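Visitor: here is my input; please provide its structure:
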Amino acid sequence: MATSDSPCRVAIHVKVTDIEGDPLARHLTLGQAFCTSVLSRDFHNQIQPDGYDAVHKPARFDSDEDISLNFLYDLGVKGRLSQDEVLKIPHSVYLASREQGNWNFIPKPRPIGQVKLRARKYPWGGRLEQDMLEELQSLDTGVKSLDAEVKSLDAESLDAEVKSLDAEVKSQDAEVKVQDAEIKVQVAEVNS
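Guide: Okay, the predicted model is just below:
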């Protein structure tokens, strides 16, 4: 079974005309319905540096015909995985249907071996998406590094400024002591 906090590959068998809304967005609608209903989280189809959810859309997913297809979802993608690594992550198969506007996702344990074999041809998270993720992660690392450097520079410049002001105060304090001593000498001369 799919879980919300670890990477998994999920195949969902569904009648495409059961998926409401824009036929070209069926993969997103189904992904959101699954993640909300089964995983109690959103479907993260936007690639972010900390990961995303990918979908491998079947041919004819936007058909007006009453056909059933398998949508393959890679959930919790955080980086590339080899084919052997993909085979080690959990795989789940669900039969999806809608009744009175509500989604039902029924786990089907028996065909998982077949799904793993068929799904091997699909790279984990998609090739182009993985390239985009690596680029975002690289940019994110660069931004974090620059941010840390700026914070470090700010701390260093503040520290230097404090030391400069402290030296100035000590210098003025020394001048006051000299002036105070001169005044005491002048008072002593006047009193004598």
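
Visitor: just for the chain, where's the confidence low?
Guide: Residues of the chain that meet the criterion pLDDT under 70 lie in 1-4, 110-111, 140, 142-143, 145-147, 150, 152-154.

Visitor: what ranges do the strands span in it?
Guide: 8-15, 52-56, 68-77, 91-99, 102-107 (DSSP state E).

Visitor: how far does the fourth one sit from its chain's centre?
Guide: Here the centre of strand 91-99 is set off from its chain's centre by 26 Å, with C-alpha atoms, centre = their mean, to the nearest Å.

Visitor: for it, buried residues please.
Guide: Residues of strand 91-99 classed as buried by neighbour count (16 or more other C-beta atoms under 10 Å): 91-94, 96. (Each C-beta comes from the backbone N, C-alpha and C, glycine too.)

Visitor: any chance of the strands of the chain in JSON lines, plus distance to residue 130?
Guide: Putting the strands of the chain into JSON lines (distance: least, C-beta to C-beta, whole Å) gives the following:
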{"stretch": "strand 8-15", "distance to residue 130": "15"}
{"stretch": "strand 52-56", "distance to residue 130": "9"}
{"stretch": "strand 68-77", "distance to residue 130": "8"}
{"stretch": "strand 91-99", "distance to residue 130": "19"}
{"stretch": "strand 102-107", "distance to residue 130": "27"}
